[in-house]
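[1] fold the following.
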Amino acid sequence: MVSATRIPPPPPVPPPPMRPRQPRSFAGPIVLIVIGIFFLLGNLGMIAWHELGRSFAHYWPLLLIVWGVIKLIEYQNANRAGIHPRGIGAGGVILIIFVVIMGLTATEAYRVNWAEFRDQFHIQGDVPWWGHNYDYTDELHQAFPAGDSLHVTNERGAINLTASDDNNIHVTVHKRVNADRQEEADNWNKSTKPQISLSGAVVSVNANTKGAGDRWVSSDMDISVPRKASVVISTRHGDISIMGREGNAEITSQDGDVSVTDLNGSLTLNLDNSSARVSQIASDITVNGRGKDISLEDVKGGVRLDGDFMESVNGSIQPDWAATPANALQGHHAERHHQRRAFGKRERRS
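    Numbers count the residues shown, from 1 in each chain. Okay, here's the model as predicted:
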C-alpha cells in the first residue's frame, strides 16, 4: 500500500514595500496665509488700505520668492527621502498667475497720480483706500497798501474775491487734508498754512497746498481787498469768483468755472478746459486758451476771443461793431461749427 506524500504549500510572497507617499506642498497655503494676514490687518484698521496697496505694489515679487524657496526646500527633502518630488500642479500655476496679474496691476495703479484723478473727476468725499478728509480753517488779516495789486495762487481749491469794507486784506481758508489719521492730518495742516507776502507793489496770497508734497490738500479761499486794487488770480483745480472791482483783473483757470460780475477795469481770461460767465464789465475783455461755455452779458468794451471754445459762446454786447460775421455774437448763440469762423482770433472794438 502506497502512502500519499503531501507537498507543503509555498511560503507566502511578502507584498512589495510601499513607497512613501508624497507629502503635500506647503508653498501655496503659506502664500495664501501671508496674503490673508495683510487683508485682515486692513479690515481691522491696523494698516491703511492705500498703504497696503502701496506695499503690495512694491513688494509683491517677494510672494513668488517665498513660494519658490519653499518648493526648493521640499524638492531637496524629497530627494533625500528617495521620494519623487511633487511638481507645481494646476493649483500652483493658477496661484502664480493670480499673484503676477494682481502685482502688475497694483504696480501700474501705484504710478497713477491719484490726486490728479480726484481733481479731474471732482471726488471730494472720503474714499476708504485713499484715507479720510480732515477739515481745518485759517484766517489771515493785514493792511493792504494803497495802490498795490493782489496776486493769488491756489493749486487746488476755489477762490472767492470780494471788496472789503476797510483798507485791509482778509483771507479765510477752508482746508481739507487727506490722511489716514488725525495726527498725520495735523502735521500736513501745519506745513500747508496759507501765506501772505509783500514784494514791491504786489501783495501775494499763496494757498500753499504744495507744502504737503504729493498729499491731497484742497483750500477754498474767501478773500476781500479794497475795491480799487487790480488782481491776478491763478488756480489749477477750482472755481474762481470775482465781484465788485474797480481795477483790472487777470484770471488763469484750469479745469474750473470762472464768474466775474461788476468789473470797471479790463478783464483777461486765460482758460484751459474751463467755463466762464462774465457780466457787467465796463471795459475790454480778452479770452485766451481753450474754453467750454463762455457767457458774456452787459459788456461795454471790446471783446477779443483767441482760442478754441469747445461748446458755446453766447452773450449780449452793447457796442455797435462794423458789419462782420462776428456781430452774430450779439444776442446769438454760436454753436461749435461756427466758433472758429466767427470767433477764432477776431478782435471786436467799439
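
[2] Three-state assignment for Ser204, please.
    For Ser204, the assignment made with DSSP: H, G, I helix; E, B strand; the rest coil gives strand.

[3] what's the spacing between it and Arg80?
    Applying C-beta to C-beta, to the nearest Å, the value for Ser204 to Arg80 is 75 Å. Placement of C-beta: from N, CA and C, glycine included.

[4] mind checking which of these two has more residues around it?
    Ser204 (15 against 7; other C-beta atoms under 10 Å).

[5] which residues touch the more buried one?
    Contacts for Ser204 were tallied using C-beta atoms under 8 Å, 6 or more residues apart in numbering; they are 150-153, 195-198.

[6] can you rerun that using 6 Å?
    151, 197 (C-beta atoms under 6 Å, 6 or more residues apart in numbering).

[7] show me what it is bridged to.
    Note on Ser204: beta-bridge partners by DSSP bridges are His151, Ser197.

[8] pLDDT score assigned to it?
    For Ser204, the pLDDT comes out at 96.

[9] Asn113 too?
    66.

[10] then Ala342?
    For Ala342, pLDDT reads 36.

[11] equivalent analysis for Asp222, please.
    Predicted confidence (pLDDT) at Asp222: the value is 97.

[12] just the helices in this structure please.
    Secondary structure of the chain (DSSP state H): helices at 27-43, 49-59, 61-80, 89-110, 114-120, 182-191, 336-342.

[13] using CSV, write out every CA atom in the first one.
    Same thing as helix 27-43. Extracted in CSV, the C-alpha atoms of helix 27-43 (Å, rounded to 0.1, in the frame of the first residue of the first chain):
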residue,chain,number,x,y,z
ALA,A,27,4.0,76.7,-0.7
GLY,A,28,0.5,77.6,-1.8
PRO,A,29,-1.0,77.6,1.7
ILE,A,30,1.8,79.7,3.1
VAL,A,31,1.4,82.3,0.3
LEU,A,32,-2.3,82.4,0.9
ILE,A,33,-1.8,82.8,4.7
VAL,A,34,0.5,85.8,4.2
ILE,A,35,-2.0,87.5,1.8
GLY,A,36,-4.8,86.7,4.2
ILE,A,37,-2.9,88.2,7.2
PHE,A,38,-2.4,91.5,5.4
PHE,A,39,-6.1,91.7,4.4
LEU,A,40,-7.1,91.0,7.9
LEU,A,41,-4.9,93.9,9.2
GLY,A,42,-6.5,96.1,6.6
ASN,A,43,-10.0,95.2,7.8
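
[14] helices or strands up against that helix?
    Applying 3 or more C-beta pairs under 6 Å, 6 or more residues apart in numbering; DSSP states H and E, one finds that helix 27-43 contacts helix 49-59, helix 61-80, helix 89-110.

[15] quick one: which of those helices is nearest Asn160?
    Using C-beta to C-beta as the measure, helix 49-59 is the one of those that comes nearest Asn160, at 31.5 Å.

[16] that closest one packs against which elements?
    helix 27-43, helix 89-110.

[17] can I get the ones you listed in JSON lines with distance to Phe309, mean pLDDT and mean neighbour count?
    Converted to JSON lines, the helices and strands packed on helix 49-59 look like this (distance: least, C-beta to C-beta, whole Å; pLDDT from 0 to 100; neighbours: other C-beta atoms under 10 Å):
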{"stretch": "helix 27-43", "distance to Phe309": "47", "mean pLDDT": "84", "mean neighbour count": "14"}
{"stretch": "helix 89-110", "distance to Phe309": "35", "mean pLDDT": "84", "mean neighbour count": "14"}
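
[18] can you lay out these as CSV showing distance to Trp67?
    Listed next are the helices and strands packed on helix 49-59 as CSV, based on distance: least, C-beta to C-beta, whole Å:
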stretch, distance to Trp67
helix 27-43, 5
helix 89-110, 7
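
[19] out of those helices, which gets nearest to Gly289?
    Relative to Gly289, the nearest member of the helices and strands packed on helix 49-59 by C-beta to C-beta is helix 89-110, separated by 31.7 Å.

[20] got the CA coordinates for the closest one in PDB?
    Output in PDB follows, covering the C-alpha atoms of helix 89-110 (Å, rounded to 0.1, in the frame of the first residue of the first chain):
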ATOM      1  CA  GLY A  89       0.400  71.300 -10.200                       C
ATOM      2  CA  ALA A  90      -2.600  73.100 -11.600                       C
ATOM      3  CA  GLY A  91      -3.300  74.900  -8.300                       C
ATOM      4  CA  GLY A  92       0.200  76.300  -8.100                       C
ATOM      5  CA  VAL A  93       0.000  77.500 -11.700                       C
ATOM      6  CA  ILE A  94      -3.200  79.300 -11.000                       C
ATOM      7  CA  LEU A  95      -1.800  80.900  -7.900                       C
ATOM      8  CA  ILE A  96       1.300  82.200  -9.700                       C
ATOM      9  CA  ILE A  97      -0.800  83.700 -12.500                       C
ATOM     10  CA  PHE A  98      -3.100  85.300 -10.000                       C
ATOM     11  CA  VAL A  99      -0.200  86.900  -8.000                       C
ATOM     12  CA  VAL A 100       1.500  88.100 -11.100                       C
ATOM     13  CA  ILE A 101      -1.600  89.700 -12.600                       C
ATOM     14  CA  MET A 102      -2.500  91.400  -9.300                       C
ATOM     15  CA  GLY A 103       1.000  92.500  -8.700                       C
ATOM     16  CA  LEU A 104       1.400  94.100 -12.200                       C
ATOM     17  CA  THR A 105      -2.000  95.700 -11.800                       C
ATOM     18  CA  ALA A 106      -1.000  97.200  -8.400                       C
ATOM     19  CA  THR A 107       2.300  98.400  -9.700                       C
ATOM     20  CA  GLU A 108       0.700 100.300 -12.600                       C
ATOM     21  CA  ALA A 109      -2.100 101.600 -10.300                       C
ATOM     22  CA  TYR A 110       0.600 103.000  -8.000                       C
END
